[in-house]
Structures are given as structure tokens and as C-alpha cells.
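Undergrad: Generate a structure from the sequence data that follows.
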Amino acid sequence: MIEKDLQEKNIKSTLKPISQCKKELEIEVPKDEVQKEFQRILDQFSARAKIQGFRPGKAPKDMVKRIFFSDIKKSLLDSLIPKTLGAELKALNLNPVSTPVIKDLNFEENQPLSLKVYFEVLPDFEVSGYKKISVKRKKVAVTKEEVDQSLKELQERAAEYIPIEGRGVVDGDYVLAEIKGKELKYKKFLPTEKVLILAGHPDNEKILNENLKELKVNEESKFVLSYEADSKNKNLAGKSIEYNLKVVSIKEKKLPQLNDDFAKALGEYKDLNSIKEKIKKEILISKDESAKREIAEQIIAQISDKIDIELPETLVEAENISLLRQRLAQIPREELNKEKIEAMKMEGRKQAEKSLKNHLILNKIAELEGLDVSEEDMDQELRSIADANNAPLAQVIDNLNKEGRREELRNTILFKKTVDFLVKQAIIK
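TA: Okay, the predicted model is just below:
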């Protein structure tokens, strides 16, 4: 129907592939269609125009056209171009992934309207040889050291912090201290702070650790700390601060003994060995999942290495920006500089290109194999998300719909199904 309408209106278009992704579309709208739209908009302006000496709607159209020509022209282009371009793209079965850019726009009254439009589309490519790919599976095992480390972490989480009286601070104590600072050069006092300090920790200033030692509750110590000009704390860089430190409280960390009583106290184990067995099982499951991910990465890498795809610059840049924002959010502001940000951009671009290419390849394979995501698949994934976050299913669904991420979730499920398909087809050694 669209193609028929375009033919009836004698709209001419020529599609010129610049590359796999970049396209140029030349469009010419015949002068009759342009004039018809021009006249329609002129009639609207004439009906509303307020011109001195004439009642609304009674001014001569030639006068209205002369006074409001630039506005009429803008309205015409805003109306005619999107409508014509949208219909033409649909007729040609083209789905731009970037906002079309209009160049070489030519408009004159009583003449055809012509323009060139530049945009990007997803590349068309072939995928073959993705079945029976030979990959190696890493052997997984759990060492005694790994179990002991996990057991130690459980022990640390169960630690008690006992208030100490009658002795001074020793390394390893948790000290609540009140600190008053004075900038020596200008005799300016800093705000008084209460801070929690792990005595003797290597990240502390050496002079702080030295002045904490042996201090008892309510005892004080005074010292001067000179900050380097390139200190991470920009507010104190290059300054000498005299600190007055007063111990408010001291707590000693007490670890529970690793025995059967410790296991029973956790509520779900009969003895220490049962904890170790559970830890071993969980580590094994985690390593097995990691090994499966590595297999999938090997398969996708082998398929990707055989295919040369031009990637839409618009999508690469959008993915790169998203990755950069995530990384910047994880790095303290004082650790950032121009060189580091540029390096992150370059690394992010490589990752964005790899991610986008793999995504396109997996989508193509899913299409070739007829893989799809059913409503049952969606429901199952939503339940898994709800369980993992200990949240009501209805709330998870509501949040997903409000954020407009339902299609994103569907794509994620399709990605998983396609990867599972490739792993099942692979020859794993």
C-alpha cells in the first residue's frame, strides 16, 4: 500500500550503499505534492494570521505568504520530510539505528523538493560453521586452601568487638577517636570529626599509628601531619595540619574458635566438617559455572574471528559511553586525570566493538535456528530475578515495565538460549 501511494505521488528515491552500515537515500517529492502541502499550510496561516487592517482570516493570501514565508516553509518541511522519509524507509524495509541526517536540502516554491538523507543500519552478513566447534574445558577442583579461606571469611563475619578498659591501644584494635585539626599557616581550625580507626593498618599515616599506640580511653595525643602537594585529599594538599587526637573508645576484635560449636551456632550445620563440605560444594559450583562461561567465550570467539562485520558507529559509541559511565562511577574522582580517561575510552571502545559484534552474531544464529523467547521463558526469568533479590514478583514486573526494559530482558534471555544452543552443539574436550 505504501509503495503504491508513493508511486501514485511520483516520489522518486534512490538508495546508495556507502558501506555495509552507512546508506545514502536521495528523495525527490514532485512539485505538485509540494505545492499541495504548501497551499494547505498557507490556508492554516491565513485563517489564523493577525495582520493590521484586516480581520482574522480576511488578509490576502499573497500578503500572508510574503509576511510568514519562512514560518510556512519550516512547517512544510517539518510536515513533509518526516512523513515522506518514514514511508520510503518502510517501503524499502530499512530500519535506521541512527537518527537520519539530512543534507543537500533544496526547496523552492513551485519546484520539486529534493534532499539526501544519511543514516546507519545493522550490517547484513552470513554466519556459518557455528556447529561442532572444538573447545577445551578447564578441569575444576577445590583446594584445601580455598576452603580454609572461605572458612576464615565466615569466622571474620562472626567476629565480636569487645570494649577494652585498663589498657592502651595496640595494633588491630578498632578505635573511635575525636580529631581536631588546625591549619598551621593561617591558624585556621578544621571541623571536629569522630572517626573509626583500625590501629596499625598500613593504609593509615605512619605518624597516626605511632600516636595511637598505648593511648587509653580519654587520653590525647598531638602531632603535625604535612601533606604532599599531590595528596589525594585536594583540600589538604601542600598544607601542614596540627591534629589533636582523643581516644573515645577501644574495641578488640575477638574471633570465634573454628570448631563444632561454631558450626552449630550458624544454625544449619551439625559440625565443622559439614560447613567445609558445603563450602567445597559451593566453590565447585562457582568454578563449574566459570568453566561453562569460558567454553561459551571460546565458541563465540572462534565464530567471531571468521567474520568481518562493519559495525554501526552510532551503536559502538553509545555502548562505549555506557561502559565509560559505569567505570567512572567506580573510580574516586581524585584518581582521575585526562590520560586515564583517554585510556579508558580506548579500552572501552574495543570492548564495545567486541560486545556489539558478538551480539549481532548471536542474533543472526538465533534467527537461523528459529530460536525465540516465549512468555513462559519471560515468566521464569522474572521469577528468578524476584527470588535473587528477595522481592515480590509483581514488584519486579512493575519496575521492569516502568523502566521500559522488557525488550532488553527478552534480548538477554535470547542471548542465553543461543549460547546454550552453541555449547550443546560444540565438541568439548
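Undergrad: low pLDDT regions in the protein?
TA: By pLDDT under 70, the weakly predicted segments of the chain are 1-9, 334.
Undergrad: Show me what counts as buried in the biggest strand by length in it.
TA: The strand that spans the most residues within the chain, counting by DSSP state E, is strand 240-254. Residues of strand 240-254 classed as buried by neighbour count (16 or more other CB atoms under 10 Å): 241-243, 245-247, 250. (C-beta placed from N, C-alpha, C; glycine too.)
Undergrad: Pairing partners for it, with directions?
TA: Strand pairing for strand 240-254, determined by DSSP bridges: strand 160-163 (antiparallel), strand 174-183 (antiparallel), strand 220-226 (antiparallel).
Undergrad: hey, C-alpha coordinates of that strand in CSV?
TA: This file holds the C-alpha atoms of strand 240-254, laid out as CSV (Å, rounded to 0.1, in the frame of the first residue of the first chain):
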residue,chain,number,x,y,z
SER,A,240,50.6,21.3,57.4
ILE,A,241,47.9,20.3,59.9
GLU,A,242,48.3,20.1,63.7
TYR,A,243,46.0,17.3,64.9
ASN,A,244,44.7,16.8,68.5
LEU,A,245,43.5,13.2,68.8
LYS,A,246,41.4,12.0,71.7
VAL,A,247,40.5,8.3,72.2
VAL,A,248,36.7,7.9,72.8
SER,A,249,36.6,4.1,72.9
ILE,A,250,38.7,1.0,72.2
LYS,A,251,37.3,-2.3,70.9
GLU,A,252,39.2,-5.5,70.4
LYS,A,253,38.2,-8.0,67.7
LYS,A,254,37.5,-11.4,69.1
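Undergrad: Show residues contacting the helix or strand following it.
TA: Next along the chain after strand 240-254, taking DSSP states H and E as the criterion, comes helix 260-265. For helix 260-265, the surrounding residues in contact (CB atoms under 8 Å, 6 or more residues apart in numbering) are 155, 158, 256, 269-272, 274-275.
Undergrad: among the residues you listed, which ones are buried?
TA: Among those, those classed as buried by 16+ other CB under 10 Å are 269, 272, 275.
Undergrad: And the helices in the chain, which stretches?
TA: Applying DSSP state H to the chain gives helices spanning 2-8, 31-48, 61-91, 144-157, 206-212, 260-265, 272-305, 313-330, 338-369, 375-388, 393-402, 406-425.
Undergrad: Just put those helices in TSV and tack on distance to L115.
TA: Shown next, in TSV, are the helices of the chain (distance: least, CB to CB, whole Å):
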stretch	distance to L115
helix 2-8	15
helix 31-48	12
helix 61-91	7
helix 144-157	65
helix 206-212	69
helix 260-265	76
helix 272-305	38
helix 313-330	20
helix 338-369	30
helix 375-388	42
helix 393-402	38
helix 406-425	32
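Undergrad: With respect to S19, which of those lies nearest?
TA: helix 313-330 (10.3 Å; CB to CB).
Undergrad: now the closest one against helix 338-369, angle please.
TA: On the basis of axes from the mean of the first three to the mean of the last three CA atoms, to 10 degrees, helix 313-330 is oriented at 130 degrees to helix 338-369.
Undergrad: in helix 313-330, what's buried?
TA: 315-316, 319-320, 323-324.
Undergrad: For that helix, which helices and strands make contact with it?
TA: Counting contacts by 3 or more CB pairs under 8 Å, 6 or more residues apart in numbering; DSSP states H and E, helix 313-330 packs against strand 113-120, helix 338-369.
Undergrad: pretty sure R349 is in contact with A318, am I right?
TA: No. The criterion here is CB atoms under 8 Å, and R349 misses it with A318 at 11.5 Å.
Undergrad: From S322, how far out is the residue lying closest to E317 once chain neighbours are set aside?
TA: In space, and not counting its chain neighbours, E317 is closest to A352: 7.8 Å by CB to CB, 6 or more residues apart in numbering. Applying CB to CB, to the nearest Å, the value for A352 to S322 is 8 Å.
Undergrad: repeat for N399
TA: Counting by CB to CB, the gap from N399 to S322 is 20 Å.
Undergrad: In CSV, list the helices and strands packed on helix 313-330 along with mean neighbour count and distance to G172.
TA: Output for those, formatted as CSV (neighbours: other CB atoms under 10 Å; distance: least, CB to CB, whole Å):
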stretch, mean neighbour count, distance to G172
strand 113-120, 20, 60
helix 338-369, 16, 35
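Undergrad: And those: which comes nearest V175?
TA: Using CB to CB, the nearest of those to V175 is helix 338-369, at 34.5 Å.
Undergrad: got the angle between that closest one and helix 272-305?
TA: 80 degrees.
Undergrad: how does the chain divide into domains?
TA: Recorded structural domains for the chain (assignment: automatic domain parsing) are 2-120, 160-254, 270-428.
Undergrad: gap between the two ends of the longest one?
TA: Across domain 270-428, the terminal residues are separated by 39 Å (CA to CA, to the nearest Å).
Undergrad: now swap in stretch 99-109 and tell me
TA: Using CA to CA, one end of stretch 99-109 lies 28 Å from the other.
Undergrad: list the buried ones in it?
TA: 100, 107.
Undergrad: ok, back up a step: closest to K213 out of the helices and strands packed on helix 313-330?
TA: Closest to K213 of the helices and strands packed on helix 313-330, according to CB to CB: helix 338-369, at 37.3 Å.
Undergrad: Please look at I41 and L77 and confirm they touch.
TA: No. If you go by CB under 8 Å, I41 and L77 don't touch, sitting 10.1 Å apart.
Undergrad: what about those two, which has more around it?
TA: For I41 versus L77, neighbours defined as other CB atoms under 10 Å are more numerous around I41 (19 against 16).
Undergrad: And the spatially closest residue to the more buried one that is not a sequence neighbour, how far from N106?
TA: In space, and not counting its chain neighbours, I41 is closest to S75: 4.9 Å by CB to CB, 6+ apart. From S75 over to N106 the distance is 18 Å, taken as CB to CB.
Undergrad: What are the neighbouring residues in contact with L324?
TA: 344-345, 348.
Undergrad: What is the burial count for E376?
TA: Using other CB under 10 Å: E376 sits among 8 other residues.
Undergrad: Check the gap between it and A301 for me.
TA: Distance of E376 to A301, given as CB to CB: 31 Å.
Undergrad: give the contact list for the residue lying farthest from the centre of the chain.
TA: Within the chain, G53 marks the point farthest from the mean C-alpha position, 60.3 Å out by CA atoms, centre = their mean. Residues near G53 by CB under 8 Å, 6+ apart: none.
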